[in-house]
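Chemist: Have a look at this prediction, sequence included:
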Amino acid sequence: VLVEGEAGIGKSRLVREVALRAHEQGGTVLFGGCTPDRHQPYEPFVQALDHFVAHTRGERYRLGARAARLAPLLPGLVERVPGLARRPLDDAGDIGGEAERATLREAVWGWLAESAADDAVMFVIEDLHWADASTLGLLKHVVASLGGERLLLLVTAREPGENQEGGAFARLRRAWRRVPVVTEVELPGLTAEGALDLLEAIAGFELDGRIEREFARRVWHHTGGNPLFIESVLSHLVARGVLFEQDGRWTSAVARGDLGVPNAVHDVVQERLAAAAADDRAVLQLAALLGSVIDLGLLFDVAEQLGLDAAPSFEWAHDEGLLVEAQDVPGCYRFSHEIVREVVADDVPATRRTTLHRHIAHTMAERYEPATEWQAEELSHQLSFSPAREDKVRSAAFAAAAAEQAESRRALEKAASLYRRSAELLLGTGED
């Protein structure tokens, strides 16, 4: 079973809960994982075998003659089984040629299959997207050998687009789709109701007030339902002193749109973007500055003015799952999470950010004539970043135009907010 999803979505929590139940029911559970900085050959298999050897006794300790063939995988076997020669793996996972590697693969499979003859075995492998070639090759062999054994491989991985090691895992994943014994489970973000349940579990009481439920929906929208992001945002708000419990209820002094970006979330997003090409990162930053809704035509036009080819960069961002279709705005896209957009936008240096906002605003003014309410509001937003007096005046004018349209459709609260915004923008410009 391959469990996929982005960082923080709950893959590890899910498989560990499943593994705990398997252990409670008498099954044998083996754990191994892959890490981005170690790249130890056969890393999860080494970890699982080491634990097995350290904790298995008596008749169930059945390595037997197979121990000699497993010794290169776990040199510690030399101390446990008399007469074995120490033959550690080199950095490339080489044990003397393809024939010996095939022998090792058969030995590992034999160990797992024979262990499953006694009790059902669950082998959990975490973070397969970090696996080296030797690990992927051995796992491919084990999966291909599966038949009627009471052996379950429970593997977690981020989506292939996030693989820092290139396309090896992506190719293996495509091959597994043709293997009947492999099941893929993709974990999405929590629904609004699921996010509310998580927030109530953290709070220890029901969030049944209108303001509390509105706050919960804002957190859900901000995080895209990612459990790690939700928990990090709450911790961040508590640390800032703007979210606290009072009289058994949550009290929040958080301004709308100011939930912030916790360091933990910032680090997760930056790790995900670390391998991005310079042009891809530049186009993604431009998309982040366009706002919550991304008009592809506008993105491509502004990118062209800046000497960037946005098409391949957009395809990369879409394949990575960073940009997704905006279901409520046909032909447009959004960031998968609003908090991801904020991290990307905040990464743009201040002086360049001002320049980009002006490019966006001038291109929008040419494309959107006359401007709809949403377009006028966005134009006002883009121009507001400019320190130039004429841009501040234009920003105020677009805010007033959006307010008039909101008023015409009886959205009076929004109209009032936009009128106030227009007046604030005119302060200090000498305009009435």
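Modeler: Looks like it arrived, so ask away. Numbering: from 1, shown residues only.

Chemist: Do a quick rundown of the helices in the stretch 51-200 of the chain.
Modeler: 66-70, 77-80, 98-118, 133-145, 168-176, 192-203 (DSSP state H, counting those that start in this stretch).

Chemist: meant to ask about the stretch 251-400 of the chain, not that
Modeler: Going by DSSP H, counting those that start in this stretch, the stretch 251-400 of the chain shows helices at 263-273, 278-289, 296-305, 310-319, 338-346, 350-367, 373-383, 389-408.

Chemist: just to revisit the earlier point, quick one: closest of the helices of the stretch 51-200 of the chain to I294.
Modeler: The closest of the helices of the stretch 51-200 of the chain to I294 is helix 192-203. By Cβ to Cβ, the value is 22.3 Å. All C-beta atoms are positioned from the backbone trio N, CA, C, and that covers glycine.

Chemist: Could I get the average pLDDT for the very next helix or strand once past that closest one?
Modeler: Going down the chain from helix 192-203, the next helix or strand is helix 210-223, by DSSP states H and E. When pLDDT is averaged along helix 210-223, the result is 85.

Chemist: and if you look at stretch 122-129?
Modeler: 93.

Chemist: Of the helices of the stretch 51-200 of the chain, give the one that comes closest to G10.
Modeler: helix 192-203 (10.0 Å).

Chemist: For E377, give me its contacts.
Modeler: 398-399, 402, 418 (Cβ atoms under 8 Å, 6 or more residues apart in numbering).

Chemist: quick revisit: reformat the helices of the stretch 51-200 of the chain as JSON lines; add distance to A157.
Modeler: Output for those, formatted as JSON lines (distance: least, Cβ to Cβ, whole Å):
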{"stretch": "helix 66-70", "distance to A157": "25"}
{"stretch": "helix 77-80", "distance to A157": "29"}
{"stretch": "helix 98-118", "distance to A157": "20"}
{"stretch": "helix 133-145", "distance to A157": "11"}
{"stretch": "helix 168-176", "distance to A157": "7"}
{"stretch": "helix 192-203", "distance to A157": "22"}
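
Chemist: okay, the ones you listed in TSV with mean pLDDT next?
Modeler: Output for the helices of the stretch 51-200 of the chain, formatted as TSV (pLDDT from 0 to 100):
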stretch	mean pLDDT
helix 66-70	74
helix 77-80	66
helix 98-118	86
helix 133-145	91
helix 168-176	82
helix 192-203	89
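
Chemist: now these as CSV including mean neighbour count and distance to A326?
Modeler: As requested, these are exported to CSV (neighbours: other Cβ atoms under 10 Å; distance: least, Cβ to Cβ, whole Å):
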stretch, mean neighbour count, distance to A326
helix 66-70, 18, 53
helix 77-80, 14, 56
helix 98-118, 17, 46
helix 133-145, 18, 36
helix 168-176, 17, 26
helix 192-203, 16, 17
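
Chemist: out of those helices, nearest to G307?
Modeler: Of the helices of the stretch 51-200 of the chain, nearest to G307 by Cβ to Cβ is helix 168-176, at 30.7 Å.

Chemist: got the angle for that closest one vs helix 133-145?
Modeler: Interaxial angle, helix 168-176 versus helix 133-145 (axes from the mean of the first three to the mean of the last three Cα atoms, to 10 degrees): 10 degrees.

Chemist: Would you mind pulling up the elements that helix 168-176 packs against?
Modeler: Helix 168-176 makes packing contacts with helix 133-145 when contacts are defined by 3 or more Cβ pairs under 8 Å, 6 or more residues apart in numbering; DSSP states H and E.

Chemist: redo that, cut-off 10 Å
Modeler: strand 2-4, helix 133-145, strand 151-157 (3 or more Cβ pairs under 10 Å, 6 or more residues apart in numbering; DSSP states H and E).

Chemist: Can you check which of these gets nearest to E369?
Modeler: Short answer: strand 2-4, nearest of the helices and strands packed on helix 168-176 by Cβ to Cβ, at 44.4 Å.

Chemist: Partner strands of that closest one, with direction?
Modeler: strand 151-157 (parallel), strand 184-186 (parallel) (DSSP bridges).

Chemist: Adding distance to G209 as columns, could you present these in TSV?
Modeler: Output for these, formatted as TSV (distance: least, Cβ to Cβ, whole Å):
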stretch	distance to G209
strand 151-157	37
strand 184-186	34
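
Chemist: deepest of these, which one?
Modeler: Mean neighbour count, computed with mean count of other Cβ atoms under 10 Å, is highest for strand 151-157 among the strands paired with strand 2-4, reaching a mean of 22.

Chemist: Return the alpha-carbon coordinates of that one using CSV.
Modeler: Presented in CSV, the C-alpha positions along strand 151-157 are these (Å, rounded to 0.1, in the frame of the first residue of the first chain):
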residue,chain,number,x,y,z
LEU,A,151,3.1,-9.7,4.4
LEU,A,152,2.0,-6.1,4.0
LEU,A,153,4.3,-3.3,2.8
LEU,A,154,3.0,0.0,4.0
VAL,A,155,4.9,2.8,2.3
THR,A,156,4.7,6.6,2.6
ALA,A,157,5.9,9.1,0.1
